[in-house]
Structures are given as structure tokens and as C-alpha cells.
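Trainee: Predicted model and sequence follow; I will ask about them next.
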Amino acid sequence: MKRAVLKSAVLGALMLTSLAAISQPVLAEGARTYNVVIRNATADQPVAPSLFVTHDSGFSMFEVGTAPDPMTDAKYFGLAKMAETGNPSNLVFAITDAEGVSDIVVLPVEGRTPPVLLPGESNDTEITASGNAKYFSAVAMLGATHDAFYAVRGVELPKQGSITVYGIAYDAGSEANSEVFADTAAGGNADEVGDDNIAVNGEGYIYVHPGIHGIADQDTAYDWRNPVVEITITRIHDEEE
């Protein structure tokens, strides 16, 4: 598992540079505040920086099934880019002004390159929500994969106290699962890419990821069983809504 971390220095530098430049929406006065704790629940998969979003019922990070054209759909391009490289910057830019989005937070692990969350580790941050933004979603790449990512979608935020939810792994459908380690983010992303800088050989639809089966040289130790992350959300500020 440490091999994935050691081979990702270039990816880590890219993520750290891009994440520093991320802009976030202007928050409304009287926003509700929550503490979010994420724990990597896998045995050997590093989890890239998580993207947390609070939003209303009209917003969806993605839908399972046929994937949009990444050249015309900025949100799917951002999702695919994140799922292939671990860098959520394009996805952040695509949803910052999306209707229904209240707050966006990216949670890297400080002091580590790449800024990944290793198995068993946890990290936390605060996020706010205002108005009708009563829901929470989260995504991040599983680091030693082609285009796998975990997701928590449209979870209702707690009115008080805490809730714990679990994220399963999805496949973005943008890159074929050759299980050649050099084609993964951890191995350097050697796979062929198109003009849009994402892989061009994917399945074309988003689905629940079947895991790693050892068909090439990718270590099956990186395999997992769902769920892959545990997230606890706690309301910590009880201003009037």
C-alpha cells in the first residue's frame, strides 16, 4: 500500500497547487455549521482529498447510468478528472455556481504529499449550510485505481446531534479498468488521454465499482469491499435557520 503513496509525488504536487487556488461560494448570514469527520475504512486504498458539498434537494453530484459527454458537461468532466487523478479542482469550479449549492469544502491531509487519507486514518473539517441547503454530498478518488471514487449523495443534514453515513465506491466510466498499475494515479497515470486530458477508453457510464480482480499487475491488496469510508456529521452551531 505504501507503494501507491511513494509513486504519487507528482500527483500530490499538482493537487496541492490546485487546491490552494480553489474558490468557494459566498456564505449567507446565519448559516448553520457542521463538523464533518471522514475515516478511510479500506484495508489498503489511499483516499484522495474529499470534496464536501451542502446543497438543496435540487442538486445532484451525479446520476448512476450513462455518463454525459465530458466535452460539453463541465460537472462530469470534473468528476471524471477527479476520479482519474484525485484532483477535485475542476469539479469544484464546475459546481461553485451551481443552483442549490450552499458551501463547498475540499479536505486534503496537511503536511503529506500526496495529501491522501491512508487506511484507518480520519480527518475532519467544518462546513456550513444556509437556507434550503439541508443536504450533504461527498466524493473523492480511491487513489490506487483507474477511475474509482467514493460517494455519499444527498444525505439529510442533522437538525441536531450527529449522524454517521457510509460511502461506497463507484466507477466514473471514463477509463477502462485494465488493472495495469502504471495507468492508475498511484502508478503515474500512463494511460492514453484525449484532448480533454481524461482517458478515452472508458465504459461510458457510472456504476458501482466491482473492485480489483488481479487481471494484470495491479496488486489485489488494493481491493476493497463496500463501504469504503465512514463519515460522521455533527451540528455544532445552532443559529436560527
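Mentor: Sure, I can see it.
Trainee: what sits against the residue lying closest to residue 217 once chain neighbours are set aside?
Mentor: Nearest residue to residue 217, sequence neighbours excluded (CB to CB, 6 or more residues apart in numbering): residue 181, at 5.3 Å. The C-beta positions use only the backbone N, C-alpha and C, and glycine is treated the same way. Residue 181 is in contact with 144, 187, 216, 217, 218, 219, counting by CB atoms under 8 Å, 6 or more residues apart in numbering.
Trainee: Kindly reformat those as a markdown table containing secondary structure.
Mentor: Formatted as a markdown table, the contacts of residue 181 follow (DSSP: H, G, I helix; E, B strand; the rest coil):
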| residue | secondary structure |
| --- | --- |
| 144 | coil |
| 187 | coil |
| 216 | coil |
| 217 | coil |
| 218 | coil |
| 219 | coil |
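Trainee: Sort out which residues of stretch 218-225 are buried, please.
Mentor: Using 16 or more other CB atoms under 10 Å as the burial criterion, the residues of stretch 218-225 that qualify are 218, 219, 222, 223, 224.
Trainee: got JSON lines for those residues, with distance to residue 125 and pLDDT too?
Mentor: Below are the buried residues of stretch 218-225 laid out as JSON lines (distance: CB to CB, whole Å; pLDDT from 0 to 100):
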{"residue": "218", "distance to residue 125": "31", "pLDDT": "85"}
{"residue": "219", "distance to residue 125": "31", "pLDDT": "83"}
{"residue": "222", "distance to residue 125": "26", "pLDDT": "92"}
{"residue": "223", "distance to residue 125": "29", "pLDDT": "95"}
{"residue": "224", "distance to residue 125": "24", "pLDDT": "95"}
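Trainee: Pick out whichever of the residues you listed sits closest to residue 40.
Mentor: Closest approach to residue 40 among the buried residues of stretch 218-225 (CB to CB): residue 224, at 10.2 Å.
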